[in-house]
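J.: after the sequence you'll find the predicted model.
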Amino acid sequence: MAAGRGTRLGKISGTIPKVLIEVNGKSLLRHAVEECTAFGFDDIIVNVHHLAVMVEEEIVRLRKDGFRITVSDERDELLETGGGLFNARNFFSKEPFLLCNADTLASMDLSAMYSYHLQKGGLATLAVRKRPGKRHFLVNTEGRLRGWINKSTGERIVAGEEDETLEEIAFSGRHIISPEIFRHMSEGIYTMTAVYLHLADSHIINTYPDDGLYWFNVGTPEDLEAARNYFTNRV
């Protein structure tokens with residue numbers, strides 16, 4: 001997922017796509033591609049919208065370095081994560097696949113997460129992490145997705161019974177998804193969170209603990225500075 005406008009970055013994303021912002025000498029898109037391929041996810045599709053030509057130029061550079069990348073063009077209309085994934089559905093095979101938000105930096109074992117998904121089954125497995133934030137998933141004691149909460153607005157969505165013991169936990173921007181999920185999706189502009197919450201009561205959506213050394217969502221200038229400082233000071 002690389003098509004977002006990055007509006008919270010202000011002037012920074014006015015002239016450069018968020019996924020081309022550099023951290024530790026590499027664009028966020030290159031970080032994401034290298035992370036995916038390091039764990040065997042080496043056939044990649046990238047959606048583009050905001051300043052798409054610049055993103056495609058980076059993709060050309062990545063291809064020259066040997067990465068296998070297809071483009072999913074959303075120039076005419078930004079479809080969000082759910083609509084964007086459905087738009088690219090014909091790219092995928094019958095095997096589960098990784099969906100990765102290119103504006104996040106993480107250190108986690110994606111191979112272990114993939115194996116966990118195969119073992120547990122279900123439509124999807126979402127990487128989650130205990131960290132501060134305004135929006136959290138709600139999961140039961142088995143780690144199954146049961147809802148979502150926005151602490152800033154008070155909005156709370158629960159799938160199934162309210163009497164379950166639910167824990168708040170934040171999403172890490174990585175999903176392992178079984179292609180069967182496309183049977184429950186359609187064309188449109190919507191998020192994967194909306195898909196998961198719609199299906200959580202009738203289908204199994206699991207979570208997987210992200211216990212990696214670091215995680216950053218480069219969504220604001222402050223987040224970007226924190227990420228750059230981390231890698232600058234890392235030994």
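T.: Now that the structure is in, tell me what you want to look at. Numbers count the residues shown, from 1 in each chain.

J.: for the strand ranked longest in the chain, packing partners?
T.: Counting by DSSP state E, the longest strand found in the chain is strand 167-177. With contacts defined as 3 or more CB pairs under 8 Å, 6 or more residues apart in numbering; DSSP states H and E, strand 167-177 has these neighbours: strand 97-100, strand 104-106, helix 110-120, strand 124-129, strand 135-139. Placement of C-beta: from N, CA and C, glycine included.

J.: could you give the angle of the fourth one to strand 167-177?
T.: Angular relation of strand 124-129 and strand 167-177 on a 0 to 180 degree scale: 130 degrees, by axes from the mean of the first three to the mean of the last three CA atoms, to 10 degrees.

J.: re the thing from before, so which of the helices and strands packed on strand 167-177 is the most surrounded?
T.: strand 124-129 (a mean of 24; mean count of other CB atoms under 10 Å).

J.: which outside residues touch it?
T.: 106, 108, 113, 116-117, 137, 139, 145, 169-178, 181, 196, 205-211, 215 (CB atoms under 8 Å, 6 or more residues apart in numbering).

J.: CA atoms only: put that strand into CSV for me.
T.: Provided in CSV are the C-alpha atoms of strand 124-129 (Å, rounded to 0.1, in the frame of the first residue of the first chain):
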residue,chain,number,x,y,z
ALA,A,124,-6.5,-13.1,7.8
THR,A,125,-3.9,-12.6,10.5
LEU,A,126,-3.1,-9.1,11.6
ALA,A,127,0.2,-8.0,13.2
VAL,A,128,-0.5,-6.1,16.4
ARG,A,129,1.6,-4.4,19.0
